[in-house]
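K.L.:
what's the 3D shape of this:
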Amino acid sequence: MSEFAFFRFMSLNLLTQEEIKNKTDIISVTEQVLDAEGIECDSKIAKLSEEKINKILSEVRKRRRRRSVQNENAEEEEEEEEEKGQESPLPTT
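P.N.:
You can find the predicted model right below:
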């Protein structure tokens, strides 16, 4: 289903090169957005206006950015924990 939406995005020239390269990720997030919108079949996607397609893609981008920021924050926290673990504790006398 969301692969069809991906091709709608492509046919309307809405995707960036980065998004085209990450087709699987775009399709996965699009699936989540379509589920949230209650859009369940290709026939509904085919009938959506360009404006609605743009709104769906906008939501896909927002979710991808949010997930990217969360991943970056998690990586930073892991690095901080590793640095703390590498610090040698002061000997107690």
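
K.L.:
helices along this protein, start to end?
P.N.:
For the chain, the helices defined by DSSP state H cover 2-11, 17-21, 23-37, 42-47, 50-86.

K.L.:
would you turn these into TSV with mean neighbour count and mean pLDDT?
P.N.:
Every C-beta, even on glycine, is put in place using the N, C-alpha and C of the backbone. Output for these, formatted as TSV (neighbours: other CB atoms under 10 Å; pLDDT from 0 to 100):
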stretch	mean neighbour count	mean pLDDT
helix 2-11	18	92
helix 17-21	12	96
helix 23-37	16	94
helix 42-47	13	87
helix 50-86	12	88
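
K.L.:
now do the contacts for the nearest residue to residue 8 once chain neighbours are set aside.
P.N.:
Closest residue in space to residue 8, ignoring its immediate chain neighbours: residue 53 at 5.6 Å, by CB to CB, 6 or more residues apart in numbering. Counting by CB atoms under 8 Å, 6 or more residues apart in numbering, residue 53 makes contact with 5, 8-9, 12, 14.

K.L.:
quick check: the gap between residue 53 and residue 71.
P.N.:
As defined by CB to CB, to the nearest Å, residue 53 lies at a distance of 27 Å from residue 71.

K.L.:
cool, residue 18 as well?
P.N.:
Taking CB to CB, one finds residue 18 at 16 Å from residue 71.
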